[in-house]
Structures are given as structure tokens and as C-alpha cells.
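Visitor: got a predicted structure plus its sequence, pasted below:
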Amino acid sequence: MKEISVRTSSRVEMVDMTSQIRDVIRESDTQEGICTIYCPHTTAAITINENADPDVASDILMKLNKLVPYREGYSHMEGNADAHIKSTLVGCSEQFIIENGKLQLGTWQGIFFCEFDGPHNRRVWVSVR
Ligand code: ZN
């Protein structure tokens, strides 16, 4: 397993980490296999979506913020209940196919780390098998 550090700069943000994941797969020298990406945080997530037009990520965050407002009479004392809910909605892991040593993604797809309670120094675990 390899650990990647992600430094986020806003409370809510999507960070494109596709090239870092491609580097991990290249360094592993795996030709055929599965890559699992796991986020070990309760207020962040991992997702796949379009990384060609940055408006797609900002639209996703805008809609998530409307669906799950920052302040809305939550019970959780820490004050970041919205971030926990967004983490569960988006999910903390993704899995990919490696073929001929390459990460198989659709033309417009990228891999994003989703920050919901930043800014933070975060970690992402990557396993290539
Ligand atoms: Zn909390």
C-alpha cells in the first residue's frame, strides 16, 4: 500500500489526483490488476467524474452544499455534521482496472479527492494488486 498526502486549501474542494494515481501504478510496474483508492477520513471522500471542464466539479460541490447545508440544526457537537454526511453520500473508496500497465478511465474521467471540512493535510491510501 502507498500513502499519498493531499493538502487542501478550502473548506469544500475537489482535488484532481489522477496523475498521482497514474504515477503509483507506473512505479508498481503492474501490467494487469486492480487499483483501490481509499480515503481514511470521515469528512472527505473519493469520486470519479469529469476533469476536463472544472465547472463540473464546482457544480457538484454547489449542489452538495445545497442538499446538505453547513448549518442546519445538526446534533453533532463538532459542528461539521454536513461534512460527515457528504462523506457518506460520496463514499470513501473507488476501484480501477489496470490493463497493459495503464489505469483504465473513460476519456473525460478523472479521480478526485473530495474535501468537505478543510483546509487540512489529508491522506489517501492506494493499493495496486
Ligand atoms: Zn465531526
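Guide: Sure, I can see it. Numbers count the residues shown, from 1 in each chain.
Visitor: tell me how far Q109 lies from E13.
Guide: Using C-beta to C-beta, to the nearest Å, Q109 is found at 19 Å from E13. (C-beta placed from N, C-alpha, C; glycine too.)
Visitor: revised request: answer the last question for K63.
Guide: 15 Å.
Visitor: more neighbours: these two, which one.
Guide: The neighbour count for K63 versus E13, taken as other C-beta atoms under 10 Å, is higher for E13 (20 against 10).
Visitor: spit out the contact partners of the more buried one.
Guide: By C-beta atoms under 8 Å, 6 or more residues apart in numbering, E13 lies in contact with L61, C114, E115, G118.
Visitor: how about the residues of this structure near the ion?
Guide: Contacts of the chain with the ion, taken as C-beta under 5 Å from the ion, map to E78, N80.
Visitor: can you say which helix or strand has whichever residue of the chain sits closest to the ion in it?
Guide: In the chain, the residue that lies nearest the ion is E78 (3.6 Å; C-beta to the ion). Assigned by DSSP states H and E, E78 falls within no helix or strand.
Visitor: one more: I85?
Guide: Per DSSP H and E: I85 is located in helix 81-90.
Visitor: show the subsequent helix or strand relative to that helix.
Guide: Later in the chain than helix 81-90, the nearest helix or strand by DSSP H and E is strand 93-99.
Visitor: that'll do, ta.
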